[in-house]
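In: one predicted model, sequence on top.
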Amino acid sequence: MIIKKEVLENLPEYLAYVGMDKSLRMTDKGMLLTLIGMPEDFSFNADKLSASVREAAPTVRYSLNRLETKGYIRRKTIKDSKNRLFVRGDLELYFPPRACSAEDKTGAEEETEASVSAG
């Protein structure tokens, strides 16, 4: 699932902000535009995304990592109730970008399907 409510509510400002951010590479800006255009029910997976944008999976992952470090996105991996099998990946876009906490720097957040259903 791609969560982008904050971005869509402020789309003109968001696009201007992203366009002026000199710390982003063109690949990162294109990735943000692609994510905005994806359906919200898209089960996020870097390999699946790379196939839809015709970019190599390592390029997609590298761009996503940069965007996460800069606070533009946050990823969550949802696993089954036994915390073993991948169920889906969620991604949230932020505007304005949010500072990356120490927890975020350790990698994508993981949750179980039961905790997501309960919360």
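Out: Done, it's in.

In: buried set for stretch 19-38?
Out: Of all the residues in stretch 19-38, those buried under the rule 16 or more other CB atoms under 10 Å are 24, 28-29, 31-32, 35-36, 38. The C-beta positions use only the backbone N, C-alpha and C, and glycine is treated the same way.

In: now do stretch 9-22
Out: Counting neighbours by 16+ other CB under 10 Å, one finds that the buried residues in stretch 9-22 are 14-15, 18.

In: kindly report the same for stretch 51-71.
Out: With burial defined by 16+ other CB under 10 Å, the residues of stretch 51-71 counted as buried are 55, 60, 62-64, 66-68, 70-71.

In: center of the chain - which residue?
Out: For the chain, the residue whose C-alpha lies nearest the mean C-alpha position (CA atoms, centre = their mean) is Leu91; its distance is 3.8 Å.

In: and that residue, that's in a strand?
Out: Yes - the assignment for Leu91, made by DSSP: H, G, I helix; E, B strand; the rest coil, places it in a strand.
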